[in-house]
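Peer 1: Please work out how this folds:
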Amino acid sequence: MISITAPLYLAFALFIIGMIGVLVRRNVLIMLMSVELMLNGANVALIAFSRLWGNLDGQVFAMFVIAVAAAEAAVGLAIVVSLFRSRASADVDQLTVLRD
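Peer 2: Model prediction:
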């Protein structure tokens, strides 16, 4: 049986890679993918603790997170496509449409 530390290290690594991607990159698509990595890191931790404690609560919650992440990706991608069509750029620094 795998100990709890291996999945938690994986969850931590996924979350940190996603956080670095959000903080460093300026491309909206890369930022959306980084947010998905952070959510997947949280899901791995939820499932690891669910398996450790022997109940399905963490796995059910992870399924809800996956559903919300899919909806977030669809809406976020639609917003990015419409902004790219109007501005011809996916750079966050050049997107000032919401400020006007």
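Peer 1: could you pull out the helices for the chain?
Peer 2: 5-24, 28-53, 57-87 (DSSP state H).
Peer 1: so can I have CSV of the ones you listed showing mean pLDDT?
Peer 2: Output for these, formatted as CSV (pLDDT from 0 to 100):
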stretch, mean pLDDT
helix 5-24, 96
helix 28-53, 92
helix 57-87, 87
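Peer 1: Could you identify which of the ones you listed is most buried?
Peer 2: Across the helices of the chain, averaging neighbours per residue (mean count of other Cβ atoms under 10 Å) puts helix 28-53 on top, at a mean of 18. No exception for glycine: its C-beta is placed from N, CA and C like everyone else's.
Peer 1: quick one: A73 and E36 touch, right?
Peer 2: Yes - assessed by Cβ atoms under 8 Å, A73 is found in contact with E36 at 6.5 Å.
Peer 1: which residues are contacting stretch 18-25?
Peer 2: By Cβ atoms under 8 Å, 6 or more residues apart in numbering, the residues outside stretch 18-25 that reach it are I30, M31, M33, S34, V35, E36, L37, M38, L39, N40, G41.
Peer 1: How about stretch 40-58?
Peer 2: Under Cβ under 8 Å, 6+ apart, the answer for stretch 40-58 is 4, 7-8, 10-16, 18, 59, 61-62, 65-66, 69.
Peer 1: centroid residue for this protein?
Peer 2: What sits nearest the mean C-alpha location of the chain, by Cα atoms, centre = their mean, is E36, with 2.0 Å.
Peer 1: Who are the contact partners of the closest residue to that one other than its chain neighbours?
Peer 2: Leaving aside its sequence neighbours, E36 sits nearest to A69 (Cβ to Cβ, 6 or more residues apart in numbering; 6.0 Å). Contacts for A69 were tallied using Cβ under 8 Å, 6+ apart; they are E36, L39, N40.
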